[in-house]
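Asker: next comes the sequence, and after it the predicted model I'd like to discuss.
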Amino acid sequence: MQIWLNLPKAKKMSDPHFKMLWDEDIPRVKAEGVEVSVIAGSYPGSAAALAPPPDSYASDPRAALCLLTLTMAAGADYALPGWKADGLGAPPRRSLFVYAGSMTVDGRRMASPTKVSVRADATLQLTAGGDGCKFVVMQARPIGEPVVQHGPFVGCTRGDIVKAFEDYQTTEFGGWSFGDSSPNHPAEKARHARYADGRVEEPGKCEA
């Protein structure tokens with residue numbers, strides 16, 4: 001699953017940044033038959049989420065951004081807490097996306113694949129169906145700027161999109177350093193992340 005976060009116009013030309021969020025480092029909250037993974041933002045009873053890239057919309061506290069994944073066992077009940085006022089603006093928008101199984105949300109049944117908008121400040125009573133349930137919670141304040149999208153590029157004007165295509169066709173955004181258009185690693189290679197400065201990160205090992 002890919003979830004793309006837009007950037008406000010002032011951040012559109014920020015330097016690119018890569019960061020690996022290793023599964024075992026992601027904070028989790030567990031209740032009976034329920035596991036909540038805190039990908040971004042904050043969640044009651046959880047350690048702080050791993051820091052996002054510095055120019056990400058998730059790094060702006062005014063965004064009130066929260067991204068969670070939840071897994072519920074068959075028949076499990078859970079009260080999903082609502083957003084707490086932060087004094088930084090109007091309530092954010094919140095959506096639930098069920099991508100496996102089914103559940104009821106305050107008595108309304110949702111089966112995969114279904115997306116529904118809910119009040120961010122409301123506590124929701126959830127009950128997983130007989131096949132269990134997996135879903136994503138997506139929350140943020142809208143950026144409040146025009147959005148123009150074409151292919152993988154997102155801008156605020158049509159001119160932004162034209163410029164992005166021109167940049168890509170001219171330099172491939174700085175050049176492609178691999179000898180193949182679809183580089184891959186050998187099957188025997190352990191999980192790792194290689195950064196632009198040459199640093200290699202492997203879970204459970206010292207950085208090389």
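Answerer: Yep, it's here. Bear in mind that the values here come from a model prediction, so they are computed numbers and not experimental data.
Asker: the helix or strand of the chain at the bottom of the mean pLDDT ranking: partners in the sheet, and parallel or antiparallel?
Answerer: Ranking every helix and strand in the chain by mean pLDDT, DSSP states H and E puts strand 193-194 at the bottom, with a mean of 88. The pairing partners recorded for strand 193-194 under DSSP bridges are strand 200-201 (antiparallel).
Asker: ok now the strand it pairs with, how far from the chain's centre?
Answerer: Here strand 200-201 is found 22 Å from its chain centre; the criterion is Cα atoms, centre = their mean, to the nearest Å.
Asker: contacts for the least confident helix or strand of the chain next, please.
Answerer: Under the contact criterion Cβ atoms under 8 Å, 6 or more residues apart in numbering, strand 193-194 has outside partners Phe18, Met20, Val200, Glu201, Glu202. From N, CA and C alone the C-beta is placed, and that goes for glycine too.
Asker: now the last one: closest residue in space that isn't a chain neighbour?
Answerer: Spelled out, it's Glu202. Excluding its sequence neighbours, the residue lying closest to Glu202 (Cβ to Cβ, 6 or more residues apart in numbering) is His192, at 4.6 Å.
Asker: try the first one
Answerer: Nearest in space to Phe18, with sequence neighbours left out and distances taken as Cβ to Cβ, 6+ apart, is Tyr195 at 6.4 Å.
Asker: now that neighbour: how far from Gly155?
Answerer: Distance check for Tyr195 against Gly155: by Cβ to Cβ, to the nearest Å, it reads 27 Å.
Asker: the two: who's more crowded?
Answerer: Between Tyr195 and Gly155, counting by other Cβ atoms under 10 Å, Gly155 is the more crowded of the two (21 against 13).
Asker: what's opposite the more buried one in the beta bridge?
Answerer: Val148.
Asker: Arg141 against Asp86, yeah?
Answerer: No: at 10.0 Å, Arg141 and Asp86 do not qualify as touching, with contact defined as Cβ atoms under 8 Å.
Asker: now the common contact residues for these two.
Answerer: Common contacts of Arg141 and Asp86, defined by Cβ under 8 Å, 6+ apart, comprise Ala64.
Asker: mind listing the helices for the chain?
Answerer: All helices of the chain, identified by DSSP state H, fall at 158-171.
Asker: could you list the low-pLDDT ranges of it?
Answerer: For the chain, applying pLDDT under 70 flags the ranges 205-208.
Asker: domain assignment for it?
Answerer: Following automatic domain parsing, the chain resolves into domains at 19-140, 148-201.
Asker: ok, back up a step: just the contacts of strand 193-194 now: which is nearest Val148?
Answerer: When these are compared for distance to Val148 (Cβ to Cβ), Phe18 wins out at 25.3 Å.
Asker: look up how far Pro54 lies from that closest one.
Answerer: 12 Å.
Asker: again, but for Met103
Answerer: The gap separating Met103 from Pro54 is 36 Å, by Cβ to Cβ.
Asker: tell me which of the two has more neighbours.
Answerer: Using other Cβ under 10 Å, the more surrounded residue of Met103 and Pro54 is Met103, with 26 against 11.
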